[in-house]
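Colleague: what's the 3D shape of this:
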Amino acid sequence: MNYPFWEVPLVGGGWLIGIVAILHVFVSHFAVGGGLFLVLSEIKAYKTNNNVILNYVKKHSKFFLLLTIVFGALSGVAIWFTIGLVSPQATSALIHIFVWGWAIEWVFFFVEIAAVMIYYYSWEKVDRRTHLAIGWIYFIAALLSMVIINGILSFMLTPGKWIETKNFWDGFFNPTYFSSLVVRIVTAIVMAGIYGLFTATFLVEKENRQQIIKYSSKWVIPFMLILPIASLWYYYTLPDIPKEIVLGGISFVSNTAIIGIVAGFLIFLLVLIMGYFNTRLFNKFVATIILILGLTIMFAGERVRESIRKPYVIYDYMYSNGLLINQFDSIKEQGILKTSKWSKIKEITDENKLQAGEVGFKLYCASCHIINGYNDVKPLISDLDEETIAMIINDLENYRGYMPKFAGNEAEAEAIAKWLYQFNKENRKEQ
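Modeller: Numbers count the residues shown, from 1 in each chain. Coordinates of the predicted model:
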């Protein structure tokens, strides 16, 4: 709460980050798996003297370059922009905790950009061995970039011993680090095959198209069988409360997980039946459906991962609204308005109570809830009077187990309740 609040209408800040992040992750996993796909496909073409695969890889590398570097880089910048505005306290914390990790990742990212550009533009301009070496450099840099980012993302859900030690390596190699990394690597290989299937449908000659479709299917089928096993491993490395949430503690989370499982099953069936056994039935429409299902898997996985972390943005360290757990008692003693640098209202009076309630809501609640949009707070309080709303605010963690304890004082709870209750009165007038 040391930063001003950025209000995002209708969808809220969390969903804005989610939309940008899911699209970026969908492409960034392809950037890793696709790098391996290019190199191994090129090697296969040379070893088997297969010009069909070689010519396809040349065309596919252009698509790969444009999607991963242009869209991937822009969406990566967009993530930094949105998280910096929506969740500045958490962004600052992650930068400070993993400053050298970020520095190393940015070096790998620079190598990625340089290597993939050289890889694409050096076709037939350098010898085979050199060209393959450039491809390997790209893939290794992309993989190491994922290795670093995975440590930071998994830390947010399971900081582990870092909470006590504040040691970089305790935070980086956290309880879900390795299981999460395996899930991401397997997913990246699956995405490489899915994108390969998509670009294969644009080949003109039927025989060539069917050959590449069948080849790309081999990247998807075995790893779609491995993915559920890796996901189960990841599940068993989670803390107890997130496990309970996935199994039905929060219905929309378990439903989202089911959607991801169904999407994965459909991908497996479509690729096995139409991509491997009956390639003549495989066309652009089927490839697009599989691509959408792949995006659905990404959406489900990222949404579940983000949701089971609630009410924290960094588990057991920082709440979603930016409040540090170790500062809770001192803020509780003084109040959230007085301790917030960006609140003009420090003391609540009868004259400013309604305005103070709005400021208090934005500071403490609006990171997850908005008015008139996604996760709208109004339906949650529609049948409640002002006193009951205030009572719930003071007992948030028991009213909703995935909400943070209220760090404000009694007067601030009453002010927020008063501001929220006005929407109930407006609804009654409309009715």
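Colleague: okay, CA-based contacts and neighbour counts for the rest of this
Modeller: Fine.
Colleague: For burial, what's the neighbour tally of Trp170?
Modeller: Heads up, residue 170 is Asp, not Trp. 17 (other Cα atoms under 10 Å).
Colleague: And for Tyr421?
Modeller: Per other Cα under 10 Å, the neighbour tally for Tyr421 reads 22.
Colleague: Quick check: it touching Asp385?
Modeller: Yes - at 6.9 Å, Tyr421 counts as touching Asp385 under the criterion of Cα atoms under 8 Å.
Colleague: contacting residues around the residue nearest the centre of the chain?
Modeller: Nearest to the mean C-alpha position of the chain, counting by Cα atoms, centre = their mean, stands Glu302 at 4.3 Å. Glu302 is in contact with Ile22, counting by Cα atoms under 8 Å, 6 or more residues apart in numbering.
Colleague: ok, and for the strand or helix carrying it, which residues are buried?
Modeller: Here Glu302, judged by DSSP states H and E, is contained in helix 284-307. Buried residues in helix 284-307, defined by neighbour count with 16 or more other Cα atoms under 10 Å: 286-288, 290-291, 293-307.
Colleague: Also stretch 133-145?
Modeller: By 16+ other Cα under 10 Å, the buried positions in stretch 133-145 come out as 134-145.
Colleague: Restricted to helices, list those residues.
Modeller: 134-145 (DSSP state H).
Colleague: any chance of those residues in JSON lines, with pLDDT and distance to Asn174 too?
Modeller: Listed next are those as JSON lines, based on pLDDT from 0 to 100; distance: Cα to Cα, whole Å:
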{"residue": "Ile134", "pLDDT": "98", "distance to Asn174": "33"}
{"residue": "Gly135", "pLDDT": "97", "distance to Asn174": "31"}
{"residue": "Trp136", "pLDDT": "98", "distance to Asn174": "28"}
{"residue": "Ile137", "pLDDT": "98", "distance to Asn174": "28"}
{"residue": "Tyr138", "pLDDT": "98", "distance to Asn174": "27"}
{"residue": "Phe139", "pLDDT": "98", "distance to Asn174": "25"}
{"residue": "Ile140", "pLDDT": "98", "distance to Asn174": "23"}
{"residue": "Ala141", "pLDDT": "97", "distance to Asn174": "22"}
{"residue": "Ala142", "pLDDT": "97", "distance to Asn174": "21"}
{"residue": "Leu143", "pLDDT": "98", "distance to Asn174": "19"}
{"residue": "Leu144", "pLDDT": "97", "distance to Asn174": "17"}
{"residue": "Ser145", "pLDDT": "97", "distance to Asn174": "17"}
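Colleague: Reformat the residues you listed into TSV and put distance to Pro311 next to each item.
Modeller: Shown next, in TSV, are those (distance: Cα to Cα, whole Å):
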residue	distance to Pro311
Ile134	44
Gly135	42
Trp136	41
Ile137	40
Tyr138	38
Phe139	36
Ile140	36
Ala141	34
Ala142	32
Leu143	31
Leu144	30
Ser145	28
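Colleague: For burial, what's the neighbour tally of the closest residue to Asp383 other than its chain neighbours?
Modeller: Of all residues not flanking Asp383 in the chain, Asn424 sits nearest, at 7.7 Å (Cα to Cα, 6 or more residues apart in numbering). Asn424 is flanked by 19 other residues according to other Cα under 10 Å.
Colleague: pLDDT below threshold where in the stretch 301-431 of the chain?
Modeller: For the stretch 301-431 of the chain, the stretches flagged by pLDDT under 70 are 400-401, 425-431.
Colleague: Could I get the full set of helices for it?
Modeller: Secondary structure of the stretch 301-431 of the chain (DSSP state H, counting those that start in this stretch): helices at 328-334, 336-339, 353-364, 378-381, 386-394, 396-399, 410-430.
Colleague: Redo these as TSV? Include distance to Tyr236.
Modeller: Shown next, in TSV, are the helices of the stretch 301-431 of the chain (distance: least, Cα to Cα, whole Å):
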stretch	distance to Tyr236
helix 328-334	31
helix 336-339	37
helix 353-364	32
helix 378-381	33
helix 386-394	33
helix 396-399	25
helix 410-430	38
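Colleague: okay, now Ala263: neighbour count?
Modeller: Ala263 has 20 neighbours, counted by other Cα under 10 Å.
Colleague: Which residues are in contact with it?
Modeller: Taking Cα under 8 Å, 6+ apart, we find Ala263 in contact with 293-294, 296-297.
Colleague: how's this structure carved up into domains?
Modeller: 12-319, 326-430 (automatic domain parsing).
Colleague: okay if I get those domains as CSV plus distance to Phe5?
Modeller: Shown next, in CSV, are the domains of the chain (distance: least, Cα to Cα, whole Å):
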stretch, distance to Phe5
domain 12-319, 7
domain 326-430, 7
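Colleague: Can you say which of these is nearest to Asn2?
Modeller: Of all the domains of the chain, domain 326-430 sits nearest to Asn2, with 5.5 Å by Cα to Cα.
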